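K.L.:
What follows is a predicted protein model with its sequence.
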Amino acid sequence: MKLASIVVPVYNIENYIEKCIESLISQTYKNIEVILVDDGATDNSGRICDLYAKKDSRIRVLHKENGGLSDARNKGARECKGEYLFFVDGDDTVSPVLIEKTVKKCEEINGDMVIFDFESVEADTGRRDRYSFQLPEDRAFTLSELPELLLKTPAAWCRMYKRSFWEQSGIRYPEKIHYEDLATTPRMIYQAKRIGYIGEEALYYYMLRQGSIMRSNDFERSYRDRTYVLDFIKNYYQEQKADRKYCKELEYIFFEHGYFVPSKEIILENPKSPWLKKFEDYVQKNYPGFLKNPYIKNLSTKDKILLALMKRKMYFVMNMLSGARKKKDLLKQNDRR
């Protein structure tokens, strides 16, 4: 049984880290090493990690000064000894068969990467949503065969890497910026020669909570980091002379991550924010016809409605719909109690 390495960045998540660790040490696949990277936590997170390391020899704790999520992931990956590499966020949990199923799939296809489905869980309402990549499960594939791979969520934690591929790629998470997954995963996908997929069940449970990086309302930083990352990815594909081949996919990435997602966040917080137009102008400058991208037709019905309202600047209606959904979710949560 080959060793699988799991890197877990830890920063001020004392209310979540125990459940995360428990889900990792309860894996049906036993030959694992769990590397907990205490990124200068100021709460009890680091101490909780140390207690678990004393109880389970498969756990190692690395204490370091705060350097951010990318720095913690990169440091953890450098310390790995396994043949397979996973990144798990410390406030999330995983299925007990995550390692077993992904290792089996990777060995079956001799893959560089295995992608798997996940569930998002809203901490305040308990709402759970399944995210399905909807990729071929019966064979290995590449980006060249499936350009739509670039449209899928770039999250680091819904994929496993063969560590030899990770090392040979030379790609690492860029440090001191947010949206580091978006700067990294499209490059890894481009280099991977054999990618596998498991979609029969969700293997990862992603916690959506207030106070997390992805729910920040610092729109100035959001603009700075998002535009940096989008420019970074576009430049990478230009350097590979692949920007024309994947032009529509790159345009859609700019639409989603440079316009649609940040615009929804801003409208929910402050529809009069000047950052709303700054995001639109940025994407318009790079891809003048981005709102005619062919992949937009694949948006969910809900997102198509939101996009139509956004184009018409009907922000009040968007916020009404968002408020109604949250109220409905809270009522469902109370009913379950």
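P.N.:
The structure has been received and is ready for your questions. Residues are numbered from 1 along each chain as shown.

K.L.:
only C-alpha atoms for contact and neighbour calcs from this point on.
P.N.:
Fine.

K.L.:
So residue 196 sits against residue 141, correct?
P.N.:
Yes - counting by Cα atoms under 8 Å, residue 196 does reach residue 141; the two are 6.7 Å apart.

K.L.:
Taking the centroid of this structure, which residue is nearest it?
P.N.:
Centroid-nearest residue in the chain, with Cα atoms, centre = their mean: residue 155, separated by 1.9 Å.

K.L.:
And that residue, its phi and psi?
P.N.:
phi -50, psi 140 (degrees, to the nearest 10).

K.L.:
In contact with it: list those residues for me.
P.N.:
181, 182, 185 (Cα atoms under 8 Å, 6 or more residues apart in numbering).

K.L.:
element containing the second one, please.
P.N.:
For residue 182, the enclosing helix or strand under DSSP states H and E is helix 180-191.

K.L.:
Send me that helix as CSV with only the CA atoms.
P.N.:
What follows is helix 180-191, C-alpha atoms only, in CSV (Å, rounded to 0.1, in the frame of the first residue of the first chain):
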residue,chain,number,x,y,z
GLU,A,180,-4.2,31.2,-5.6
ASP,A,181,-6.0,28.1,-6.8
LEU,A,182,-7.1,29.9,-10.0
ALA,A,183,-3.5,30.8,-10.6
THR,A,184,-2.3,27.2,-10.2
THR,A,185,-4.9,24.6,-11.3
PRO,A,186,-5.2,25.8,-15.0
ARG,A,187,-1.5,25.4,-15.3
MET,A,188,-1.5,21.9,-13.7
ILE,A,189,-4.3,20.9,-16.0
TYR,A,190,-2.4,22.1,-19.0
GLN,A,191,0.6,20.0,-18.1
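
K.L.:
contact partners of that helix?
P.N.:
Taking Cα under 8 Å, 6+ apart as the rule, helix 180-191 contacts 70, 142-143, 149-150, 154-156, 169, 171-174, 229-230, 232-233, 236.

K.L.:
Please enumerate the strands of the stretch 201-337 of the chain.
P.N.:
204-208 (DSSP state E, counting those that start in this stretch).

K.L.:
pLDDT weak spots in it?
P.N.:
Residues of the stretch 201-337 of the chain that meet the criterion pLDDT under 70 lie in 210-216, 323-337.

K.L.:
Could you check how many residues crowd around residue 90?
P.N.:
Applying other Cα atoms under 10 Å, we find 26 residues neighbouring residue 90.

K.L.:
Next one, pLDDT for it please.
P.N.:
Residue 90 carries a pLDDT value of 97.

K.L.:
Please tell me I have it right and it contacts residue 10.
P.N.:
Yes - using Cα under 8 Å, residue 90 is in contact with residue 10, at 5.4 Å.

K.L.:
before we move on, the earlier item: list buried residues within the contacts of helix 180-191.
P.N.:
70, 142-143, 149-150, 154, 156, 171-174, 229-230, 233, 236 (16 or more other Cα atoms under 10 Å).

K.L.:
Just the buried residues of stretch 311-326, please?
P.N.:
Per 16+ other Cα under 10 Å, stretch 311-326 contains these buried residues: 315, 318, 319.

K.L.:
Tell me the spacing between the first one and residue 217.
P.N.:
If I follow you right, that is residue 315. Distance, residue 315 to residue 217, using Cα to Cα, to the nearest Å: 17 Å.

K.L.:
quick one: average pLDDT of stretch 156-168?
P.N.:
Over the span of stretch 156-168, the pLDDT mean works out to 98.

K.L.:
Residue numbering should commence at 160 henceforth.
P.N.:
From this message on, residue numbering opens at 160, which makes the last subject stretch 315-327.

K.L.:
If you count neighbours, what's buried in it?
P.N.:
315, 316, 317, 318, 319, 320, 321, 322, 324, 325.

K.L.:
quick one: contacts of that stretch?
P.N.:
241-248, 261, 265, 270-277, 340, 344, 351, 363.

K.L.:
and stretch 448-462, how far apart are its ends?
P.N.:
19 Å.

K.L.:
same deal with stretch 404-423?
P.N.:
End-to-end distance for stretch 404-423: 29 Å, by Cα to Cα.

K.L.:
List the buried residues of that stretch.
P.N.:
405, 407-419, 421-423.

K.L.:
ok, now stretch 443-456?
P.N.:
443, 446, 449, 450, 455.

K.L.:
Quick one: residues contacting the fourth one.
P.N.:
Under the criterion of Cα under 8 Å, 6+ apart, the neighbours of residue 450 are residue 414.

K.L.:
how much space between it and residue 421?
P.N.:
Counting by Cα to Cα, the gap from residue 450 to residue 421 is 15 Å.
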